[in-house]
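K.L.:
Curious how this folds, go ahead:
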Amino acid sequence: MKLTFRGLIHSVTLAALALMTVPAAGQAMLGHEYELDAAPIREGEKAVIPLDTGDPSYNLWRELRDLSEDPKREPGIINLQKYNFGFSYNAMPTFFHMPVAMSPADLKASKVDIAIIGAVTDMGTGMRGAAHGPNAVRNSNVYGGYGTRQPHLHTMVDPLQDLVVADFGNAPIDIMSTERSVHAIRSFVRSAAEVEIRPGEHVIPIIVGGDHSLMYPDVAALTDVYGKGNVGVVHFDAHYDAGKYMTGHLISHGMPVYRLIEEGLVPGKNFIQVALRGYYPDEESFKWMRKQGFRYHTMAEIERRGFPAVMEDIIKEANDGPEYIFISFDIDTLDPAFVPGTGTPEPGGLTPREAFPIVRRLCAESNVVGFELVELAPMLDPTYVSALNANRLIRECMTGIAMRKKGLTEPHYLSPLTEDDGRQ
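P.N.:
Residues are numbered from 1 along each chain as shown. This is a model prediction of the structure:
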């Protein structure tokens with residue numbers, strides 16, 4: 001009998017799964033609904049060392065705290081800052097100093113447009129350190145203040161004023177197992193994305209990682225909300241991350257694309273790859289992508305045609321497919337001159353001047369329902385520049401979403417005030 005990926009927890013037998021501990025009354029458990037069904041795995045793959053499901057700490061990492069024990073309050077986001085205005089280093093470290101949401105009910109009550117989620121996966125990669133990415137972004141506003149309007153200079157749109165943004169905390173992680181973590185992450189991201197804040201309008205999750213194994217649960221969560229085959233992916237990366245093999249594991253930071261394709265969650269024709277370079281994919285991998293109908297834009301193409309022309313093609317392709325778009329941005333898309341803090345740096349990447357406008361434009365000119373920023377490993381960077389560029393990429397995304405909300409969806413919109421000085 002063939003097992004399934006979501007049914008396979010790397011080192012847990014099906015017999016052990018049947019003995020899994022049951023949540024105590026009043027506690028919610030994330031991820032169970034995905035563990036016993038889904039797509040096929042290859043013959044011969046099996047768990048070899050079962051986990052001790054009787055260990056009282058077996059499921060502690062994914063048990064949500066029972067909020068009913070907290071002091072009673074009306075649902076809504078909570079501002080943790082003591083002062084109306086302050087400098088960044090005197091602020092409580094939340095994403096962009098925004099209020100926090102403790103539950104989906106808070107998101108709904110406050111009509112939160114964007115819920116920013118940290119996810120500290122770090123076992124899916126050969127180079128550790130991405131677990132520290134979310135908190136590096138939370139602390140990345142190394143200068144400037146908060147509590148005043150800070151519009152994006154190119155557009156004069158301030159997403160932190162024009163949108164309701166909240167820090168939704170961190171997704172649950174089993175720090176010893178990517179396989180176990182992905183199910184609970186999927187539940188957590190879905191719990192935000194399925195919140196309807198206005199008729200037909202849902203919370204948009206922005207996930208800050210963490211290694212790129214996150215793409216599998218993040219995209220899968222969006223397909224849970226919007227339907228299989230209804231979410232296209234624009235994937236910025238130095239590598240194509242559709243590997244089939246990783247020492248017997250079925251998920252790692254180099255495999256999420258293959259998982260999504262094999263499980264039928266996203267058709268290949270709805271994948272767009274941007275900035276591939278270095279030494280991966282190889283020839284057979286390119287052939288596989290072509291067979292699946294991928295659209296891809298390597299650095300070789302960008303060097304030959306120029307980035308402005310390729311950017312226009314990417315935006316056109318993003319709007320030539322499903323109604324909903326998810327953007328996955330691996331920080332190694334940028335040249336390591338700008339982001340040394342990543343575990344798989346590849347020279348010859350995009351510059352911030354190229355990456356920022358395409359992220360902003362995709363979020364303004366297409367229907368983006370989710371975004372992830374992954375593979376930031378700040379401890380590999382002795383400066384703050386990696387986290388600073390990660391911060392800006394997320395701001396570009398939020399700016400684009402705010403522009404779309406305001407109706408500023410014309411191609412490459414720029415404010416007349418900042419595009420030139422007005423002299424003819």
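K.L.:
now what about the helix or strand hosting Gly118, what contacts it?
P.N.:
Secondary-structure element containing Gly118, defined by DSSP states H and E: strand 114-119. Contacting residues not belonging to strand 114-119 are listed as 95-96, 98, 101, 107, 133-135, 138, 159, 163-171, 173, 185, 188-189, 192, 203-210, 214, 218, 394, 398, 401 [CB atoms under 8 Å, 6 or more residues apart in numbering]. The C-beta positions use only the backbone N, C-alpha and C, and glycine is treated the same way.
K.L.:
Sitting in helices, which of these do you find?
P.N.:
Residues of those located in helices (DSSP state H): 107, 133-135, 138, 159, 185, 188-189, 192, 218, 394, 398, 401.
K.L.:
ranking those by neighbours, who comes first?
P.N.:
Asp218 (34 neighbours; other CB atoms under 10 Å).
K.L.:
rewinding a little: check the ones in helices among the contacts of strand 114-119 and tell me the two furthest apart.
P.N.:
Pro159 and Ile185 (24.7 Å; CB to CB).
K.L.:
which residues sit in contact with the residue nearest to Leu80 when sequence neighbours are not counted?
P.N.:
Nearest residue to Leu80 in three dimensions, chain neighbours excluded: Met92, at 4.3 Å (CB to CB, 6 or more residues apart in numbering). Shown in contact with Met92 (CB under 8 Å, 6+ apart): 80-82.
K.L.:
For ChimeraX, write a command that selects the buried ones of the residues you listed.
P.N.:
This is the ChimeraX syntax for the buried subset of those, where burial follows 16 or more other CB atoms under 10 Å:
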select :81
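K.L.:
now the contacts of Met92 in JSON lines, with pLDDT and secondary structure?
P.N.:
Shown next, in JSON lines, are the contacts of Met92 (pLDDT from 0 to 100; DSSP: H, G, I helix; E, B strand; the rest coil):
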{"residue": "Leu80", "pLDDT": "95", "secondary structure": "coil"}
{"residue": "Gln81", "pLDDT": "94", "secondary structure": "coil"}
{"residue": "Lys82", "pLDDT": "93", "secondary structure": "coil"}
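K.L.:
of the contacts of Met92, closest to Glu179?
P.N.:
Nearest member of the contacts of Met92 to Glu179, counting by CB to CB, is Leu80, at 33.9 Å.
K.L.:
my guess is the closest one contacts Thr94, does it?
P.N.:
Yes. With contacts counted by CB atoms under 8 Å, Leu80 reaches Thr94, the gap being 6.3 Å.
K.L.:
so what's Thr409 up against?
P.N.:
With CB under 8 Å, 6+ apart, Thr409 has these contacts: 364-365, 403.
K.L.:
returning to that earlier point: how far does the strand holding Gly118 sit from its chain's centre?
P.N.:
Mean-position distance between strand 114-119 and its chain equals 8 Å (CA atoms, centre = their mean, to the nearest Å).
K.L.:
ditto for stretch 153-173
P.N.:
The answer for stretch 153-173 is 14 Å, by CA atoms, centre = their mean.
K.L.:
Span of that stretch from start to end?
P.N.:
37 Å (CA to CA, to the nearest Å).
K.L.:
Quick check: buried residues in that stretch?
P.N.:
Quick answer for stretch 153-173 (16+ other CB under 10 Å): 154-155, 157-160, 162-173.
K.L.:
do the same with stretch 127-142
P.N.:
129-141.
K.L.:
What average pLDDT does it get?
P.N.:
For stretch 127-142, mean pLDDT rounds to 93.
K.L.:
before we move on, what about stretch 337-352?
P.N.:
Rounded mean pLDDT across stretch 337-352 is 97.
K.L.:
and that stretch, C-alpha only, in CSV?
P.N.:
Extracted in CSV, the C-alpha atoms of stretch 337-352 (Å, rounded to 0.1, in the frame of the first residue of the first chain):
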residue,chain,number,x,y,z
ALA,A,337,26.8,42.1,-2.2
PHE,A,338,23.4,43.3,-0.9
VAL,A,339,22.4,40.3,1.2
PRO,A,340,25.4,38.4,2.7
GLY,A,341,23.1,37.0,5.3
THR,A,342,21.7,33.9,3.6
GLY,A,343,22.7,30.3,3.6
THR,A,344,23.0,29.7,-0.2
PRO,A,345,24.4,32.9,-1.7
GLU,A,346,24.9,33.0,-5.5
PRO,A,347,26.9,35.9,-7.1
GLY,A,348,25.3,37.6,-10.1
GLY,A,349,21.8,38.2,-8.7
LEU,A,350,19.3,41.1,-8.9
THR,A,351,20.1,44.4,-7.3
PRO,A,352,17.6,46.0,-4.9
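K.L.:
returning to that earlier point: now the residue nearest to Leu80: phi and psi?
P.N.:
phi -70, psi 130 (degrees, to the nearest 10).
K.L.:
Kindly report the same for His212.
P.N.:
Per degrees, to the nearest 10, the backbone of His212 is at phi -80, psi 0.
K.L.:
how about it, what does it touch?
P.N.:
Counted by CB under 8 Å, 6+ apart, His212 has contacts 124-125, 237, 241, 253-254, 256, 328, 330, 374-375.
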